[in-house]
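Student: Sequence and computational prediction follow.
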Amino acid sequence: MIRNVVVHIANEQPIVVDIVNDPKPSDVALICSNVRTMGGKKPVFIDKSDSTFVMPLASIRFVEMPQASMAEAAAARAEVEKVQASVVAERGSNEESGMVAGPLARLDWLTGVASQPTRVESERPEDEPARNPDELDPELLRRIHEV
């Protein structure tokens, strides 16, 4: 998390936020939390300050990210990656064991806790051959012909 980022919204006073990750050119929104005015107070347009906010980049003129905050975030990410690497090293490769990371695994560095991968079991019996995804389902075709 990058803290104390100043967001300049079009036709509004700037606000200070904590953002989840660096904005990329392909992003359409800025995900942030801890929204406050430059004076540290809760803005009038915020109901609950402990919420997560998604701001469209179309309404943002520019974003100021202090170098100290960037360095702090990079150090935190490096520490989390080191912990995750040690967890993977002691458990083995997730691909070999059939384990898959959860949908929010890419945000693990935000919380500082590595998520536990989950085992994915095959939904088809072993004796059933794998079907080509481009093929039509024979059962579906049979039902269509009945109608």
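Tutor: Sure thing, it's come through.

Student: Skipping adjacent residues, who's closest to Ala58 in space?
Tutor: Val28 (7.8 Å; CB to CB, 6 or more residues apart in numbering). From N, CA and C alone the C-beta is placed, and that goes for glycine too.

Student: Give me the domain ranges for this structure.
Tutor: 2-65, 70-115 (automatic domain parsing).

Student: related to what we said a few turns ago, what's the distance between the residue nearest to Ala58 and Ala10?
Tutor: 15 Å (CB to CB, to the nearest Å).

Student: now swap in Ala75 and tell me
Tutor: 33 Å.

Student: Which neighbouring elements make contact with the helix or strand Val80 falls within?
Tutor: If you go by DSSP states H and E, Val80 is part of helix 67-91. Packing contacts for helix 67-91, counted by 3 or more CB pairs under 8 Å, 6 or more residues apart in numbering; DSSP states H and E, involve strand 2-9, helix 108-111.

Student: Taking strand 2-9 as reference, get the angle to that helix.
Tutor: 130 degrees (axes from the mean of the first three to the mean of the last three CA atoms, to 10 degrees).

Student: quick one: the residue of the chain most remote from its centre and Thr52, what's the gap?
Tutor: The centre of the chain is farthest from one residue, Glu146, which by CA atoms, centre = their mean lies 46.0 Å away. According to CB to CB, Glu146 stands 50 Å off from Thr52.
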